[in-house]
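Student: 3D, please:
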Amino acid sequence: MSRNAIYGAGSLGTVLGAYITKNGGQVDLINRNKAHVEILNTKGAKIIGTVDMTVPVKAITPEEMEGKYDVIVLLTKQLFNKDVVTMLKDFLSENGVIVTLQNGIPEPGIAEIVGANHTMGCAVEWGAALIEPGVCELTSAPDSLSFQMVKLEGITDSQVKMVKELLELMCPVHEEENLMGARWSKLLINATFSGLGTVVGGVFGDVSEDKDAQKVAIRCMKECIDVGHATGTEFAPVQGKNIVGLFYYKGALKRALGCKLLPIAMKKHRLIEPSMLQDLKKGKPCEIDAINGVVCEFGRKHNVPTPINDKIVEIIKKIQNGELKAEKKNIRLFDDIL
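Tutor: Sure, this is the predicted structure:
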């Protein structure tokens, strides 16, 4: 059996660790929050929301790490990747792999530190929230959980098998050869629903089901697709759905149809609270530069206008700086650019 760790076991990592352990796998949940670690060890991981279970798990702080790991699932914020990945390099076994479940496009930066032959990526197609130490809420329907796994050149079949078998202890894992396509598809979802969900201070459903927010969301999606295409990216399906075919538009009729499809497409994920909003509520810096900021950056590089994403970045930075509140009326701030 491989030796595994989840580094940055907050909301997503605790849920994943609980499922892995419950279904017979071995994994160390690693987190800097000593209160969270203590409760996980004494009371187990309590998962509420769309499921209800308590699972005994093993949790440690980074200072307690020892030995080598075959798989390290990375769930810290990208803001800290250089220092974190450099540290984790010393804990990788000879054929070990860092599997990033982070937002944005983190694989190239990780590969620069540990090598492409030790780097894999995985898009998380479900959501969770940390309610209190030891307690996490799964916010996606149990029958909608999946991972989309990608590998960098140099990763072996045995490494893929090892990672896939671990993650499948929670839910289905879809192998995707198109790394950038998978990442841009996830980025599109995050930029639209995490970005706008944070702007309005709500969950994904507050974006997909509100008529005013839908008009902004569909334009945000179009910007992401235009920028992705400008980089030469072919978007990968998301849970089997062709998001470009469903939501890309050139005329008003297809745009209106896309708005109608949003609540249907997001039905099983409508309760997800954006991780950026969770961070802001805790007074922590959020990952706006690694999500909507990436769309804007590539847009500038390829001369593709991104006014909606630019405005999302502007609003969220104002919320982060205390100049605005995350609330529903913020959607009106887009009126002059629609």
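
Student: let me know the average pLDDT across stretch 84-104.
Tutor: Averaging the model's pLDDT scores along stretch 84-104 yields 96.

Student: quick one: average pLDDT of the host helix or strand of Asp310?
Tutor: Of the helices and strands defined by DSSP states H and E, Asp310 is found in helix 307-320. Across helix 307-320, the average pLDDT comes to 98.

Student: which residues touch it?
Tutor: When contacts are taken as C-beta atoms under 8 Å, 6 or more residues apart in numbering, the neighbours of helix 307-320 outside the stretch itself are 191, 195-196, 198-199, 216, 219-220, 223-224, 276, 280, 285-286, 288-289, 292-293, 295-296, 299, 324-326, 330, 333-334, 337. No exception for glycine: its C-beta is placed from N, CA and C like everyone else's.

Student: with stretch 149-165 instead?
Tutor: Where contact means C-beta under 8 Å, 6+ apart, the residues beyond stretch 149-165 that reach it are 2, 70-71, 95, 97, 99, 107, 111, 115-117, 119-123, 167, 173-179, 182-183.

Student: quick one: buried ones out of those?
Tutor: Neighbour counting with 16 or more other C-beta atoms under 10 Å marks 2, 70-71, 97, 99, 107, 111, 116, 119-123, 167, 173-174, 176, 178-179, 182-183 as buried within these.

Student: so which of those are in strands?
Tutor: When the buried ones among the contacts of stretch 149-165 are checked against strands using DSSP state E, the ones located there are 70-71, 97, 99, 119-123, 173-174.

Student: of the residues you listed, closest to Asp212?
Tutor: Distances from these to Asp212 were compared by C-beta to C-beta; the smallest belongs to Ala123, at 28.5 Å.

Student: tell me what that closest one is bridged to.
Tutor: On the basis of DSSP bridges, Ala123 takes part in beta bridges with Gln148.

Student: check what pLDDT Cys286 gets.
Tutor: Looking at Cys286, its pLDDT stands at 94.

Student: just to be sure, it is in a strand?
Tutor: No - using DSSP: H, G, I helix; E, B strand; the rest coil, the assignment for Cys286 is coil, not a strand.

Student: let's have the ones in strands among the buried ones among the contacts of stretch 149-165 in CSV, adding distance to Met53.
Tutor: CSV is the format used below for those (distance: C-beta to C-beta, whole Å):
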residue, distance to Met53
Asp70, 26
Val71, 23
Val97, 28
Val99, 24
Thr119, 32
Met120, 28
Gly121, 28
Cys122, 23
Ala123, 24
Val173, 21
His174, 24
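
Student: how much space between Tyr19 and Gly299?
Tutor: 37 Å (C-beta to C-beta, to the nearest Å).

Student: er, Val71 actually
Tutor: The separation that Val71 has from Gly299, given C-beta to C-beta, amounts to 35 Å.

Student: give me the distance between the worst-scoring helix or strand of the chain on mean pLDDT and the centre of its chain.
Tutor: The helix or strand of the chain with the lowest confidence, counting by mean pLDDT, DSSP states H and E, is strand 147-151 at a mean of 88. With C-alpha atoms, centre = their mean, to the nearest Å as the basis, the distance from the averaged C-alpha position of strand 147-151 to the chain average is 12 Å.

Student: and the helices in the stretch 201-338 of the chain?
Tutor: Secondary structure of the stretch 201-338 of the chain by DSSP state H, counting those that start in this stretch: the helices cover 204-208, 211-230, 243-247, 252-265, 275-281, 292-301, 307-320.

Student: tell me the most buried of the ones you listed?
Tutor: Across the helices of the stretch 201-338 of the chain, averaging neighbours per residue (mean count of other C-beta atoms under 10 Å) puts helix 204-208 on top, at a mean of 24.

Student: show me what it packs onto, helices and strands only.
Tutor: Applying 3 or more C-beta pairs under 8 Å, 6 or more residues apart in numbering; DSSP states H and E, we find helix 204-208 packed against helix 195-200, helix 211-230, helix 252-265.

Student: just to revisit the earlier point, quick check: angle from the helix holding Asp310 to helix 211-230?
Tutor: Comparing the axes of helix 307-320 and helix 211-230 via axes from the mean of the first three to the mean of the last three C-alpha atoms, to 10 degrees yields an angle of 120 degrees.

Student: what's in contact with stretch 278-287?
Tutor: With contacts defined as C-beta under 8 Å, 6+ apart, stretch 278-287 is touched by 11, 77-79, 103-104, 129-130, 198, 275-277, 316, 319-320, 326.

Student: hmm, 7 Å instead?
Tutor: Residues lying outside stretch 278-287 but in contact with it, judged by C-beta atoms under 7 Å, 6 or more residues apart in numbering, are 77-79, 103, 129, 198, 276, 316, 319-320, 326.

Student: again with stretch 57-67
Tutor: For stretch 57-67, the surrounding residues in contact (C-beta under 7 Å, 6+ apart) are 9, 17-18, 21, 28-32, 34, 37, 40-41, 44-45, 91.
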